[in-house]
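Novice: Need a 3D model of the following:
(one chain, ligands or ions: 1)
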Amino acid sequence: MTAIQVRGLRKSYHDVPAVDGVDLDIRAGEVFALLGPNGAGKTTTVEILEGHRSRDAGDVSVLGSDPGTANRAWRGRIGIVLQTANDAAELTVRESVRHYAGYYADPAPVDDVIEQVGLTAKAGARVKSLSGGQRRRLDVALGIIGRPELVFLDEPTTGFDPEARRQFWELIRNLARTGTTILLTTHYLDEAEALANRVAVIAGGRIVAEGTPATLGGRSTAKATVSWMTADGPRSTLTDTPTALIAELSRDGELAELTVTRPSLEDAYLELIGEPA
Ligand SMILES: Nc1ncnc2c1ncn2[C@@H]1O[C@H](COP(=O)(O)OP(=O)(O)OP(=O)(O)O)[C@@H](O)[C@H]1O
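Specialist: Numbers count the residues shown, from 1 in each chain. Reported below is the predicted structural model:
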C-alpha cells in the first residue's frame, strides 16, 4: 500500500523554483529519509505533503487524500513532529501531552505515550526544565499522541550529543516497528543509514537519486579500496575483485592493517549533489 504518492510537484517563490518536478512513492510502514543540502527544497516538499503549504503544480496523495483540500479526519491520521516550540514551558510533561491529546478524537493513553518516548521519570517536570534531547522526545510524544499512521520528522536530532542520538534512533525504530510510516528529513547521513529503508536525495528542487542506503548512487557495486601495510609503507589498490586480490596478496602470510572499504553513504551523497568527497 502506498502512503505517499507525488507526481510532478512544483513550487516557486517569486518565480524562482524551489521544488522543480518531484516524484515520490513512499510505502505504508516504511521509514523514508529525504536528504539534501540547505535550500534543496526538502522543507517546501514536506510542508506541501503536510498540507501546510500550497503547490503550483503536480498531483499529491497522502494517505489517499490531497493534502491541499484534506479534512480534519485526515489531519488526525498524520503526526507532525515540530521543531521545539516554547509555548508550553510552564506546563509539566504530562499536562502538555494531555493538552495535545484533547485535539484528537481517539488519542493514545497519555502515560503510555510518555513511557514510549522514555520520559516517565520526567512526567511531572516542567517542560522548561527539560534538556534539549528530552524536549525532542516530548515533541515526538506530541506528534504521536493522536495515534498517527504517518509521522513527519524534520531534522529530529539536530544538536544532540552522540548518546542522545542513539537513544532517539531507538525511539524512532520502535515507532516504526508499530507499523507507523515515517518521513524523515535529515542532514546526517549516518542517521539515514541507521533508520531508513529507503532514501531520496533532493538537490536544486529535483530528486537526483533514490534507493536503499546500501545501494544509493551505486555504492554496492562501486570499486573497493583494499589497503594494507608493507615493510615499505602503506599500500592501497582500487579493485572490482577485492576477494581475489586479498587471496593473492595473503599467500605469503598475514597482511598487516588490512582494510576493504567501499564508498560511504556520505561519499555517494557528496558525489550526487556535485561536491567532491
Ligand atoms: N517562504 C519562502 N519565501 C521565499 N523563498 C522561500 C520560502 N521558503 C523557502 N524558500 C526558498 O526555497 C528554496 C528551498 O527551501 P527549503 O526550505 O524547501 O529547503 P530545505 O531543503 O528545507 O533547506 P534546509 O536544509 O536549509 O532546511 C530555498 O532557496 C529557499 O530560500
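Novice: Domain-wise, how is this protein divided?
Specialist: Split into domains by automatic domain parsing, the chain comes to 1-77+149-220+265-277, 84-146, 223-261.
Novice: so what's the residue lying closest to residue 1 once chain neighbours are set aside up against?
Specialist: Distance criterion C-beta to C-beta, 6 or more residues apart in numbering; nearest residue to residue 1, sequence neighbours excluded, is residue 28 at 4.2 Å. C-beta here means a position set from N, CA and C on the backbone, and glycine is covered the same way. Residues in contact with residue 28 (C-beta atoms under 8 Å, 6 or more residues apart in numbering) are 1-3, 149, 179, 181.
Novice: Which pLDDT value goes with residue 28?
Specialist: Residue 28 is assigned a pLDDT of 96 by the prediction.
Novice: Then the one 4 residues further on?
Specialist: In the predicted model, residue 32 carries a pLDDT score of 97.
Novice: Over to residue 36?
Specialist: 92.
Novice: do the same with residue 220
Specialist: pLDDT, residue 220: 79.
Novice: Most neighbours among the contacts of residue 28, which one is it?
Specialist: Greatest neighbour count in these, by other C-beta atoms under 10 Å, goes to residue 181: 24 neighbours.
Novice: Next one: that one from residue 49, what distance?
Specialist: The gap separating residue 181 from residue 49 is 11 Å, by C-beta to C-beta, to the nearest Å.
Novice: Now do the shared contacts for these two.
Specialist: Between them, residue 181 and residue 49 share these contacting residues under C-beta under 8 Å, 6+ apart: residue 4.
Novice: if we can go back for a sec, can you add secondary structure and give the contacts of residue 28 back as TSV?
Specialist: Output for the contacts of residue 28, formatted as TSV (DSSP: H, G, I helix; E, B strand; the rest coil):
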residue	secondary structure
1	coil
2	strand
3	strand
149	coil
179	coil
181	strand
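Novice: any chance of those residues in JSON lines, plus pLDDT and distance to the ligand?
Specialist: Listed next are the contacts of residue 28 as JSON lines, based on pLDDT from 0 to 100; distance: C-beta to the nearest ligand atom, whole Å:
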{"residue": "1", "pLDDT": "86", "distance to the ligand": "27"}
{"residue": "2", "pLDDT": "94", "distance to the ligand": "23"}
{"residue": "3", "pLDDT": "97", "distance to the ligand": "21"}
{"residue": "149", "pLDDT": "96", "distance to the ligand": "24"}
{"residue": "179", "pLDDT": "93", "distance to the ligand": "27"}
{"residue": "181", "pLDDT": "97", "distance to the ligand": "20"}
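Novice: what's the farthest-apart pair in those residues?
Specialist: 2 and 179 (14.7 Å; C-beta to C-beta).
Novice: Mind pulling up the pLDDT for the nearest residue to residue 101 once chain neighbours are set aside?
Specialist: Once flanking residues are discounted, residue 101 sits nearest to residue 107: 3.8 Å by C-beta to C-beta, 6+ apart. pLDDT for residue 107: 93.
Novice: repeat for residue 228
Specialist: Confidence for residue 228, expressed as pLDDT, is 94.
Novice: how about the helices in the stretch 51-200 of the chain?
Specialist: Using DSSP state H, counting those that start in this stretch, the helices of the stretch 51-200 of the chain run over 72-75, 93-101, 110-116, 132-144, 162-177, 189-195.
Novice: Including mean neighbour count and distance to residue 9, could the ones you listed go into CSV?
Specialist: Formatted as CSV, those follow (neighbours: other C-beta atoms under 10 Å; distance: least, C-beta to C-beta, whole Å):
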stretch, mean neighbour count, distance to residue 9
helix 72-75, 13, 18
helix 93-101, 20, 29
helix 110-116, 17, 32
helix 132-144, 21, 23
helix 162-177, 16, 25
helix 189-195, 20, 21
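Novice: Show me the one of those helices that comes nearest the ligand.
Specialist: helix 189-195 (13.6 Å; C-beta to the nearest ligand atom).
Novice: Tell me the helices and strands packed up against that closest one.
Specialist: strand 31-35, helix 162-177, strand 181-186, helix 265-272 (3 or more C-beta pairs under 8 Å, 6 or more residues apart in numbering; DSSP states H and E).
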